[in-house]
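Student: Whatever this is, show me its structure:
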Amino acid sequence: MLQQTTVPHATPYYETFLKRWPTVHNLAAAEDADIMAAWAGLGYYSRARNLLKGARMVVSQHQGVFPSDEISLLKIPSFGPYTAAAVVAFAFDKPANVVDGNIERIMSRIYAVDEPVPGSKPALKAYAAQWVRDDRASDWPQALMDLASSLCRPKSPKCPECPLSEGCRAYHLNRPEDYPVRLSKIPKPHRYGVVFLIVSDEGFIVERRPDKGLLGGMLGLPHLDWRDEVWADSEVVNQLLIGAGPEIIGRYDHVFTHFKLTQDVWLQRLTIAQMGDFLRRHNQYQCLSFSEKKALPTVFSKALKFIPSLV
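Tutor: As a prediction, this is how the structure comes out:
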């Protein structure tokens, strides 16, 4: 949950998950849709799918007990090199080269690594390997992470207070904030979409997205393709799911990892009878009650905020 997510934002999700699925056996037995709904709002939904796959593998192939070596852990979906090393060190107190962004920053400054990231990552990992210790294996990476958060910060590092400053090349060069070296950011592509709010007094229409791809397996509002050009009103009218006096009620932005999305919100109000008829004719859609709006990922739930009665 903490991959690309802040601690304050992830904490209530974490607490909810532990309450609903307190063991790996509970998680492995969960329905895919329940996991995806509970994950809504955290983003990077492939993490939720891999979390579930990983739990099922641990139960089916390891009798519900996590292996204690990196090679075995790396075979489990949702485990990458960092997570595998972290589990080995923190859960099993075995020596492992745990390298996250914090430790990369420390290594880049201590050794004044001039190659920009991500190209410098192998060198930074090799430098970090020199700090791995057999004794108190879990304490070493935790100490470096604590150092990074308290002293060797990205901005305004507290170098005079740092116990490693004497041997830090970046400090002696008086350039700690220049490390790690980063390439200039490339502007994100901008795409445009149209989302449909089809509502009645009972709720609103949603669809289940394909399992693969962005937001795979999640519930979402019906929408037009995300493309490089703004959708003209005439184009939208030709693709309305139902003719019921549609109106544009707003526009909002949402930022994904690789692109920025701007969506126009079109509202279509139906009677309860019209909604029922629509669902009978289009079985790929379903109706969510307004109290269930949290099941939507943020990119779609933002659309609901344009109707005060739904917020």
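Student: rest of the way, CA atoms for contacts and neighbours
Tutor: Fine.
Student: Tell me which other helices or strands the longest helix along the chain touches.
Tutor: Taking DSSP state H as the criterion, the chain has its longest helix at helix 46-62. Applying 3 or more CA pairs under 8 Å, 6 or more residues apart in numbering; DSSP states H and E, one finds that helix 46-62 contacts helix 24-28, helix 32-39.
Student: What residue spans form the domains of this structure?
Tutor: 7-92, 101-178, 190-310 (automatic domain parsing).
Student: Quick one: end-to-end length of the shortest one, please.
Tutor: From the first residue to the last, domain 101-178 extends over 15 Å; the measure is CA to CA, to the nearest Å.
Student: How far does that domain sit from its chain's centre?
Tutor: When distances are taken as CA atoms, centre = their mean, to the nearest Å, domain 101-178 is centred 26 Å away from the chain's centroid.
Student: So for it, mean pLDDT?
Tutor: Averaged over domain 101-178, pLDDT sits at 96.
Student: count of residues packed around the residue nearest to residue 52 when sequence neighbours are not counted?
Tutor: Closest residue to residue 52 apart from its sequence neighbours, by CA to CA, 6 or more residues apart in numbering: residue 28 at 6.2 Å. Per other CA atoms under 10 Å, the neighbour tally for residue 28 reads 21.
Student: For residue 156, find the nearest of the helices and strands packed on helix 46-62.
Tutor: Set against residue 156 and scored by CA to CA, the helices and strands packed on helix 46-62 come closest in helix 32-39, at 34.6 Å.
Student: Counting by contacts, list what the closest one packs against.
Tutor: Helix 32-39 sits against helix 7-20, helix 46-62, with contacts defined as 3+ CA pairs under 8 Å, 6+ apart.
Student: Any stretches of this structure with poor pLDDT?
Tutor: Along the chain, segments meeting pLDDT under 70 span 243-244, 308-311.
Student: circling back to that earlier point, mind checking how far the longest helix of the chain is from the chain centre?
Tutor: Relative to the chain's own centre, helix 46-62 is displaced by 17 Å; criterion: CA atoms, centre = their mean.
Student: and if you look at stretch 44-52?
Tutor: With CA atoms, centre = their mean as the basis, stretch 44-52 stands 9 Å off its chain's centre.
Student: cool, stretch 200-214 as well?
Tutor: Distance of stretch 200-214 from the chain centroid (CA atoms, centre = their mean) equals 20 Å.
Student: do stretch 74-90 as well
Tutor: Distance of stretch 74-90 from its chain centroid, counting by CA atoms, centre = their mean, is 17 Å.
Student: quick one, what contacts the residue nearest to residue 136 when sequence neighbours are not counted?
Tutor: Counting by CA to CA, 6+ apart, residue 93 is the residue found nearest to residue 136 once chain neighbours are left out, at 7.1 Å. Residue 93 is in contact with 136-138, counting by CA atoms under 8 Å, 6 or more residues apart in numbering.
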